[in-house]
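Could you look at this predicted model? Sequence included:
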Amino acid sequence: MALKAHGLQIVATILFGTMYFTRRKNFRVFSRRKCHEGALGQSHSNQSSEELLEYHDQSEEDDVVSTIKFPPKRRRWCGLWIYTPNTSRFRNNIHSRVLQKFPFLIEMFYWIINFAFYRMTKATSQRLFAGRGIWNVAESHGIAVLEFEQFGWLSFLFPVEERSVQQWFMQGHQDALTFLNRTYALIHIPGTVG
């Protein structure tokens, strides 16, 4: 339990340290003046960054849309022009200003969603396979994959048998196995935070 708490402290230190170092230093969350410019200093909230770079003919649709106080932003996606909601009306709200000051909070939010989904699927699998035991189910699935690779109709796609790969690693190439294990641990464990 102490090891888990220690790991949680390390993760929290990394996340909040990164949030601090990536903050916008010249931006004030509790400023008395209203902010009328975007992050790029543009005052036209209905323009997207792509519109600033590319020229396009204005159609009648653009004229109709421009009469709205916060018109949708026009963006190019897969060769098509689409309109997305204009969120500039929320730029002076406290939560928007906090996110402008600390943009890494958005990244942390995505990580929390991924972690929650990971934990939910783990709990669901434990409940689904509680009667049979998750290790027995995993072993039977692994054996089924190995049998498919060796004897299935797509066996020509697997010219090297899994058993010979495992024997190569276990007989004199344990350093390569250690390297792969550490690489996996450094990518998977921080990515899923547990």
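Looks like it arrived, so ask away.

What are the structural domain limits within the chain?
As assigned by automatic domain parsing, the chain contains the domains 36-92, 160-194.

What is the neighbour count of the spatially closest residue to residue 158 that is not a sequence neighbour?
Leaving aside its sequence neighbours, residue 158 sits nearest to residue 149 (CB to CB, 6 or more residues apart in numbering; 4.4 Å). C-beta: built from backbone N, CA, C; applies to glycine. Per other CB atoms under 10 Å, the neighbour tally for residue 149 reads 15.

Distance from the helix or strand where residue 75 lies to the middle of the chain?
Using DSSP states H and E, residue 75 maps to strand 73-77. Here the centre of strand 73-77 is set off from its chain's centre by 23 Å, with CA atoms, centre = their mean, to the nearest Å.

rewinding a little: tell me which element the residue nearest to residue 158 falls in.
helix 134-151.

And the strands in this structure, which stretches?
73-77, 80-84 (DSSP state E).

And these: which comes nearest residue 175?
strand 73-77 (47.7 Å; CB to CB).

ranges for the helices of the chain?
2-21, 49-53, 60-65, 94-101, 104-128, 134-151, 162-170, 174-192 (DSSP state H).

worst average pLDDT in those helices?
The weakest mean pLDDT among the helices of the chain belongs to helix 49-53, with a mean of 46.

Show me what counts as buried in stretch 69-87.
Neighbour-count burial for stretch 69-87 flags 71, 73-74, 86 (criterion: 16 or more other CB atoms under 10 Å).

that older thread, what would the strands of the chain look like in a markdown table with distance to residue 130?
A markdown table is the format used below for the strands of the chain (distance: least, CB to CB, whole Å):
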| stretch | distance to residue 130 |
| --- | --- |
| strand 73-77 | 45 |
| strand 80-84 | 45 |
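
I'd like those strands as JSON lines, with mean pLDDT appended.
Converted to JSON lines, the strands of the chain look like this (pLDDT from 0 to 100):
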{"stretch": "strand 73-77", "mean pLDDT": "86"}
{"stretch": "strand 80-84", "mean pLDDT": "88"}
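
show me the contacts for residue 22.
Contact analysis of residue 22 by CB atoms under 8 Å, 6 or more residues apart in numbering lists 102-104.

Next, the buried residues of stretch 137-146.
Buried, per 16+ other CB under 10 Å, within stretch 137-146: nothing.

what about it, distance to the chain center?
30 Å.

Give me the contacts around it.
129, 162.

now the residue most central in space within the chain: how far from residue 15?
When CA atoms, centre = their mean is applied to the chain, the residue found nearest the centroid is residue 110 (5.5 Å). Computed as CB to CB, to the nearest Å, the residue 110 to residue 15 distance reads 12 Å.

Also residue 68?
Separation of residue 68 from residue 15 (CB to CB): 39 Å.

related to what we said a few turns ago, filter the contacts of residue 22 down to the buried ones and hand me the ChimeraX line.
In ChimeraX, a selection of the buried entries from those looks like this (16+ other CB under 10 Å):
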select :102,104
